[in-house]
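[1] Quick check, what structure comes out for this input:
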Amino acid sequence: MRNIEVCVSPELIHLYDTKEKNVVIVDIFRATSTMMAALANGVESITPIMDLEACRDFASKGYIIAGERNGLAAEGFELGNSPLAYLNQAYSGKKIAMTTTNGTLAIEKTKEDAHQVLLGAFVNLKATAQYLIRQSQDVLILCAGWKGKFNLEDSLYAGALVNCLHPHFRTDCDTAIALKSLYESNAHRLQIFLGQASHAKRLQNQNIEADIDFCLTLDMYQIVGVLTGDLLKGVLPKTE
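    This is a model prediction of the structure:
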């Protein structure tokens, strides 16, 4: 039977074998939620980039550039890291180059060895689970965390995905077992529970509660975000 593991920070990824696994990158507040909003609203592709200056250079290549550091929009970038900016097909057909504090780093650390890299977000939780169930590979969920530290929102999503993948996947990963239990205990009060999260409070201090509400909305979209080469694209899971 296929196996599922959870890594709670990119700083710990060296302890895990990513080779030929489906790796799900999770940055709930807000990178992966924003990327899913963009792809679901018609963005042609997203190029994730670690470095601000390297991302800035994509503006001259016809890309819309989106940059965020420490929760704030980076100076000189057309977009920051708000999922709401992409709604109503606002950037449909456009190519986006994006750099964020945590999410794009997590993608970079796993893309070479993984079988596939996927985006994890509450807004398409069930679609992602359905996609993974139809694959033959083991799964590793990598939480982007906050500057190398554990965070609550990414870890709770990891527990939610482990829950959705049961009983199709087994696990002997203590982290996966613990986070599944944490999610199951708090699924009925997701917004209240995650209102305690340190990064939620950072975002609240910036008066962007609407972003938080969006990021915690379940199953808004039916597509999956998959890295193909260096591009993130939206894929519709097959149904029987």
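[2] Hmm, residue 64 is touching residue 80, no?
    No - in terms of CB atoms under 8 Å, residue 64 does not count as a neighbour of residue 80; the distance is 11.9 Å. Every residue, glycine included, has its C-beta placed from N, CA and C.
[3] neighbours of residue 62, just the number please.
    By other CB atoms under 10 Å, the residues close to residue 62 number 9.
[4] isn't it right next to residue 95, touching?
    Yes - contact criterion CB under 8 Å: residue 62 and residue 95 qualify, at 6.8 Å.
[5] For the residue located most distally from the centre of the chain, grab phi and psi.
    In the chain, the residue that sits farthest from the middle, by CA atoms, centre = their mean, is residue 60; the gap is 26.9 Å. Main-chain torsions, residue 60, degrees, to the nearest 10: phi -80, psi -10.
[6] Read off the pLDDT value for it.
    pLDDT, residue 60: 96.
[7] got it, and residue 33?
    97.
[8] After the worst-scoring helix or strand of the chain on mean pLDDT, which helix or strand is next?
    When the helices and strands of the chain are scored by mean pLDDT, DSSP states H and E, helix 198-205 comes last with a mean of 61. Per DSSP states H and E, helix 198-205 leads on to helix 209-215 as the next helix or strand towards the C-terminus.
[9] ok, the nearest residue to residue 40 once chain neighbours are set aside - contacts?
    Nearest residue to residue 40, sequence neighbours excluded (CB to CB, 6 or more residues apart in numbering): residue 221, at 4.2 Å. Taking CB atoms under 8 Å, 6 or more residues apart in numbering as the criterion, residue 221 is in contact with 36, 37, 40, 123, 124, 127.
[10] if you set the cut-off to 6 Å instead, what comes out?
    36, 40, 123, 124 (CB atoms under 6 Å, 6 or more residues apart in numbering).
[11] Repeat that for residue 128.
    residue 224.
[12] what about it, is that helix, strand or coil?
    Classification of residue 128 using DSSP: H, G, I helix; E, B strand; the rest coil returns helix.
[13] Quick check: it vs residue 58, distance?
    Noted for residue 128: a distance of 27 Å to residue 58, by CB to CB, to the nearest Å.
[14] Residue 146 too?
    Distance from residue 146 to residue 58, by CB to CB: 26 Å.
[15] Looking at the two, which is more packed in?
    Shown here are residue 146 and residue 58; by other CB under 10 Å, residue 146 has more neighbours (22 against 19).
[16] which residue ranges form the helices in this protein?
    31-40, 52-56, 103-110, 125-133, 152-165, 174-186, 190-194, 198-205, 209-215 (DSSP state H).
[17] Can you tell me which of those helices is most buried?
    Of the helices of the chain, the one with the most neighbours on average (mean count of other CB atoms under 10 Å) is helix 31-40, at a mean of 29.
[18] elements contacting it?
    strand 116-120, strand 224-228 (3 or more CB pairs under 6 Å, 6 or more residues apart in numbering; DSSP states H and E).
[19] Closest one to residue 153 out of the contacts of residue 221, please.
    Nearest to residue 153 among these: residue 123, at 12.8 Å, using CB to CB.
[20] Please determine how far that closest one is located from residue 238.
    20 Å.
[21] Looking only at neighbour counts, state which of these two leads.
    Ranked by neighbour count (other CB under 10 Å), residue 123 and residue 238 place residue 123 first, with 24 against 8.
[22] what about the closest residue to that one other than its chain neighbours, neighbour count?
    Computed as CB to CB, 6+ apart, the closest residue to residue 123 that is not its neighbour in sequence is residue 220, at 4.4 Å. By other CB under 10 Å, the residues close to residue 220 number 17.
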